[in-house]
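Let's see this in three dimensions:
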Amino acid sequence: KKLAPRDQQAEEIRNAAGLGFFVVAVTTLLLFYLKTDNSADYYISFLDPILIGVLAFWTYKKLSFWGCLLMTSLFIVGKLMMIVPAYAAGGSGGAGIGMSAIISYFMIKGVISAYKYNFK
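Residues are numbered from 1 along each chain as shown. Predicted coordinates for the structure are as follows:
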């Protein structure tokens with residue numbers, strides 16, 4: 001079914017927010033799986049998925065451009081901060097880089113749609 005342009009933009013914004021929720025779930029599960037100790041650094045690492053989750057919720061409920069932009073930026077910067085040291089240590093990171101690129105693409109697409117939706 002063909003959607004009106006405004007409805008299509010709203011759908012792309014919701015899809016970007018859905019990817020934000022997916023990232024929160026996967027990151028949280030990964031952090032619990034990789035738990036090594038009860039240090040403050042371990043608990044601070046939960047700040048990234050919490051912030052992305054709040055921004056994804058804001059984006060989904062309000063179809064917000066700023067929420068989508070912040071969520072996408074935080075995701076991209078966060079993944080670069082994780083992938084670059086892993087690559088420098090000798091890992092290929094192919095699957096992580098590929099999935100991050102795909103998710104980033106759809107989140108950026110959501111940001112563009114949110115801009116068009118909110119600032120027409």
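
Going by C-alpha atoms from here, please, whenever you check contacts or count neighbours.
OK.

Looking at this structure, which helix is longest?
helix 5-33 (DSSP state H).

Distance from the chain centre to the following helix or strand past that helix, please.
Remark: after helix 5-33, the chain's next helix or strand is helix 40-44, criterion DSSP states H and E. On the basis of Cα atoms, centre = their mean, to the nearest Å, helix 40-44 sits 20 Å off its chain's mean C-alpha point.

returning to what we had before: against which helices or strands is the longest helix of the chain packed?
On a contact count with 3 or more Cα pairs under 8 Å, 6 or more residues apart in numbering; DSSP states H and E, helix 5-33 meets helix 47-62, helix 65-88, helix 94-118.

between the last one and helix 5-33, how many degrees?
When you say that, I think you mean helix 94-118. If you take axes from the mean of the first three to the mean of the last three Cα atoms, to 10 degrees, helix 94-118 sits at 140 degrees to helix 5-33.

in the protein, which segments are predicted with low confidence?
83-95 (pLDDT under 70).
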